[in-house]
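**Student:** sequence unknown, structure follows:
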């Protein structure tokens, strides 16, 4: 365990996932509350950008992951904001493709980090939580890509709105296997991808809980041996 009192600058390394979790909470808690009072159509874009930047920092422990993160996150940020102002279909496609790739990469890095560690720390648990949220965001952008390439792949019911807000909601409802039924996949591509996300969500929880328990047991065994 690193003594952060003697090395204050190390706090940012030890708790790097905390910034990502904070950015995610801004999106899921603050965004819907502020959106009722501040009608800014780019508010979601701001929070997603914060998540991207925080995720870059979270996976930047080593040089190679940092380079790969920048190669996917920077094009996603650029195309996302360019599409917001220019409304060009090609930019939207770049946005959803690179954002999905980045969130996929971030999830893989977090899982890899989890299996490399030999001690259960608060940052490790926070990282596992962040990984679950990144999976949901990854699939939201994949669904956005499917809806862009194959319009009508989803049925939004009476609301009829299938913007990124709605697809993020659908993604996490599917990930948690809640299934409210207000947004439903219609095309075969959307249906099978929804199944894959639901299975991935359950597998992520099972594998991560098993890994954390195994690390904790190993950690306790080492303490008893001493």
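**Tutor:** Nice, thanks for sending it over. All figures in this text were calculated on a predicted structure; none of them were measured in a lab. Numbers count the residues shown, from 1 in each chain.

**Student:** once you drop chain neighbours, what's closest to residue 208?
**Tutor:** What sits nearest to residue 208 in space, not counting adjacent residues and going by Cβ to Cβ, 6 or more residues apart in numbering, is residue 128, at 4.9 Å. C-beta: built from backbone N, CA, C; applies to glycine.

**Student:** then residue 168?
**Tutor:** With Cβ to Cβ, 6+ apart, the residue lying closest to residue 168 is residue 140, at 4.3 Å.

**Student:** and the helix or strand in which the one you found is found, what's buried?
**Tutor:** With elements delineated by DSSP states H and E, residue 140 resides in helix 122-149, which encompasses its position. Along helix 122-149, the positions that meet the burial threshold by neighbour count (16 or more other Cβ atoms under 10 Å) are 123-124, 126-128, 130-147.

**Student:** what is that helix packed up against?
**Tutor:** For helix 122-149, the contact count by 3 or more Cβ pairs under 8 Å, 6 or more residues apart in numbering; DSSP states H and E identifies helix 16-25, helix 43-58, helix 89-116, strand 154-155, helix 164-175, helix 188-225 as packing neighbours.

**Student:** hang on, the earlier thing: retrieve the pLDDT associated with the residue nearest to residue 208.
**Tutor:** What the model reports as pLDDT for residue 128 is 89.

**Student:** residue 120 versus that one, what's the distance?
**Tutor:** Residue 128 sits 10 Å away from residue 120 when distances are taken as Cβ to Cβ, to the nearest Å.

**Student:** now the common contact residues for the two.
**Tutor:** Common neighbours of residue 128 and residue 120, counting by Cβ atoms under 8 Å, 6 or more residues apart in numbering, are residue 212.

**Student:** how long is stretch 113-127 end to end?
**Tutor:** Using Cα to Cα, to the nearest Å, the end-to-end distance of stretch 113-127 comes out at 9 Å.

**Student:** list the contacts of that stretch.
**Tutor:** Outside of stretch 113-127, the residues that reach it under the criterion Cβ under 8 Å, 6+ apart are 1, 14-18, 21, 58, 61, 110, 128, 131, 208, 211-212, 215-216, 218-219.

**Student:** same question for stretch 55-69.
**Tutor:** Here stretch 55-69 makes contact (Cβ under 8 Å, 6+ apart) with 13, 16-17, 19-20, 23, 70, 73, 102-103, 105-106, 109-110, 113, 127, 130, 134.

**Student:** same check, this time on stretch 202-212
**Tutor:** Residues contacting stretch 202-212 (Cβ under 8 Å, 6+ apart): 111, 114-115, 120, 124-125, 128, 131-132, 135, 177.

**Student:** swap in 10 Å and give it another go.
**Tutor:** Outside of stretch 202-212, the residues within contact range by Cβ atoms under 10 Å, 6 or more residues apart in numbering are 107, 110-111, 114-115, 117, 120, 124-125, 127-129, 131-132, 135, 175-177.

**Student:** hmm, back to that, of the contacts of stretch 113-127, just the buried ones, ChimeraX syntax please.
**Tutor:** Selection of the buried residues among the contacts of stretch 113-127 in ChimeraX, burial being defined by 16+ other Cβ under 10 Å:
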select :16,17,18,21,58,110,128,131,208,211,212,215
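
**Student:** who's in contact with the most centrally placed residue in the chain?
**Tutor:** By Cα atoms, centre = their mean, the mean C-alpha position of the chain lies nearest to residue 134, the distance being 1.5 Å. With contacts defined as Cβ under 10 Å, 6+ apart, the neighbours of residue 134 are 20, 24, 51, 55, 58, 102-110.
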